[in-house]
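Visitor: coordinates for the following, if possible.
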Amino acid sequence: MKQFLFILLLKFSDFSTISDANAISTQINFCGLDIKSNIRGNYQDVAKQDNGAFLQSARSNLFIASNLENCPLRNLLYFKTSSIGHIAVNLHGKIIIQFLQTYEINRIRFWMYDLDARITDIQIFTTGSDRVTETIIFDGLVKPGVATVKFNDQLVSKIRFYNKAGNSLYEHMSIIKIEAYYGF
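Guide: As a prediction, this is how the structure comes out:
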């Protein structure tokens with residue numbers, strides 16, 4: 001008897017407007033998230049070679065350990081060798097990463113050369129979607145190892161690392177890996 005009443009209730013009730021309203025609201029939310037996801041590089045590293053990023057300053061940069069994968073935009077990081085492939089620039093030099101498109105990001109993570117105790121004085125700039133306007137997001141000393149710079153959400157087309165005053169051992173700025181992404 002309960003099953004009969006339940007089937008009767010379902011047959012004569014009009015739940016279709018409720019489900020349609022929820023479906024429309026859900027579709028709008030997913031559409032908004034999908035658009036933001038594309039602008040934010042699907043919440044992954046947009047400074048990877050695989051995502052179309054490239055070193056605009058490659059001709060003026062020094063690639064150390066040339067027999068190894070030494071581009072800071074690479075995916076391969078771990079290998080057995082006494083030398084670590086990395087990129088270096090002279091005093092007042094720059095490393096410029098150009099993205100395939102403009103992305104909304106709020107974090108840059110980079111791995112400074114860490115086989116010794118050098119501390120490097122650097123500046124990091126982001127270039128806006130107009131490809132002209134630069135914003136400084138970091139100015140200071142960086143210890144060896146991985147560092148993360150968090151900043152307000154920005155539409156970014158390029159990142160520029162500037163060797164402001166060299167490091168505590170000599171004049172070069174040496175970076176092993178660079179990542180840029182939107183984080184929560």
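
Visitor: next secondary structure after the longest strand along the chain?
Guide: Counting residues, the longest strand found in the chain (DSSP state E) is strand 145-167. Per DSSP states H and E, the first helix or strand lying C-terminal to strand 145-167 is strand 173-181.

Visitor: that next one pairs with which strands?
Guide: With DSSP bridges as the test, strand 173-181 is paired with strand 86-89 (antiparallel), strand 94-112 (antiparallel).

Visitor: domain map for this structure?
Guide: 2-39, 44-181 (automatic domain parsing).

Visitor: TSV for these, including mean pLDDT?
Guide: Listed next are these as TSV, based on pLDDT from 0 to 100:
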stretch	mean pLDDT
domain 2-39	62
domain 44-181	90
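
Visitor: just those: most buried one?
Guide: Greatest average neighbour count among the domains of the chain goes to domain 44-181 (a mean of 17), per mean count of other Cβ atoms under 10 Å. C-beta here means a position set from N, CA and C on the backbone, and glycine is covered the same way.

Visitor: quick revisit: kindly reformat the strands paired with strand 173-181 as TSV containing distance to T127.
Guide: Shown next, in TSV, are the strands paired with strand 173-181 (distance: least, Cβ to Cβ, whole Å):
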stretch	distance to T127
strand 86-89	18
strand 94-112	9
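
Visitor: who wins for proximity to F161 among the ones you listed?
Guide: The minimum distance between F161 and the strands paired with strand 173-181 falls on strand 94-112, with 4.3 Å, by Cβ to Cβ.

Visitor: the nearest residue to I178 once chain neighbours are set aside and Y113, how far apart?
Guide: Distances taken as Cβ to Cβ, 6 or more residues apart in numbering put P72 closest to I178, at 4.4 Å, once the chain neighbours are dropped. If you measure P72 against Y113 using Cβ to Cβ, to the nearest Å, the figure is 11 Å.
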